[in-house]
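Undergrad: Fold the following.
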Amino acid sequence: MSKFGDLIDANIPILLSFYTDWNDPSMEMHPVLRDVAAALGDTGKVVKIDLDKNPKLAEALRIKGLPTLMIYKSGEMVWRQSGEQDANTLIGLMKDFV
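TA: Prediction:
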């Protein structure tokens, strides 16, 4: 969990995507997330977190549906939603928090 705190404590927006390898909708988000990361460059960061490898984090954040997407800035969650999103929506949201 301390690594998570270090991760989200950045001054740039961090988009977290929680997924599992066996969940098709969350796997379908991977190419979308690559597009978002490419569009943001150094102004934001995209991080994928496998819930099967991080069950305590999933429990602490009360993740129920997949994919679950969150945006953190300066250690605070500023946006959260479950379900698939398109790249343009995510890019727009991230730019709002730059």
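Undergrad: Please count neighbours and contacts with C-alpha atoms only from this point.
TA: OK.
Undergrad: For the lengthiest helix in the chain, the averaged confidence score.
TA: Longest helix of the chain, by residue count under DSSP state H: helix 24-40. Across helix 24-40, pLDDT averages out at 97.
Undergrad: Quick one: residues in contact with that helix.
TA: Outside helix 24-40, the residues that touch it by C-alpha atoms under 8 Å, 6 or more residues apart in numbering are 18-21, 44-46, 66-67, 83-88, 90-91, 95.
Undergrad: What are the buried residues along that helix?
TA: Under the neighbour-count criterion of 16 or more other C-alpha atoms under 10 Å, helix 24-40 has S26, M27, M29, V32, L33, D35, V36, A37, L40 buried.
Undergrad: want to throw the residues you listed into TSV with distance to I71?
TA: Putting the buried residues of helix 24-40 into TSV (distance: C-alpha to C-alpha, whole Å) gives the following:
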residue	distance to I71
S26	16
M27	19
M29	15
V32	15
L33	13
D35	16
V36	13
A37	13
L40	13
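Undergrad: Burial check on L57, number of neighbours?
TA: The local packing of L57 (other C-alpha atoms under 10 Å) involves 14 other residues.
Undergrad: Sorry, wrong one. I was asking about K64.
TA: Number of residues near K64 (other C-alpha under 10 Å) recorded here: 10.
Undergrad: How about K45?
TA: K45 has 21 neighbours, counted by other C-alpha under 10 Å.
Undergrad: can you map out the helices along the chain?
TA: Assigned by DSSP H, the chain shows helices spanning 2-8, 24-40, 55-60, 87-96.
Undergrad: Tabulate those (a markdown table), appending distance to K73.
TA: Converted to a markdown table, these look like this (distance: least, C-alpha to C-alpha, whole Å):
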| stretch | distance to K73 |
| --- | --- |
| helix 2-8 | 7 |
| helix 24-40 | 15 |
| helix 55-60 | 18 |
| helix 87-96 | 10 |
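Undergrad: So which of those is nearest Y72?
TA: helix 2-8 (5.9 Å; C-alpha to C-alpha).
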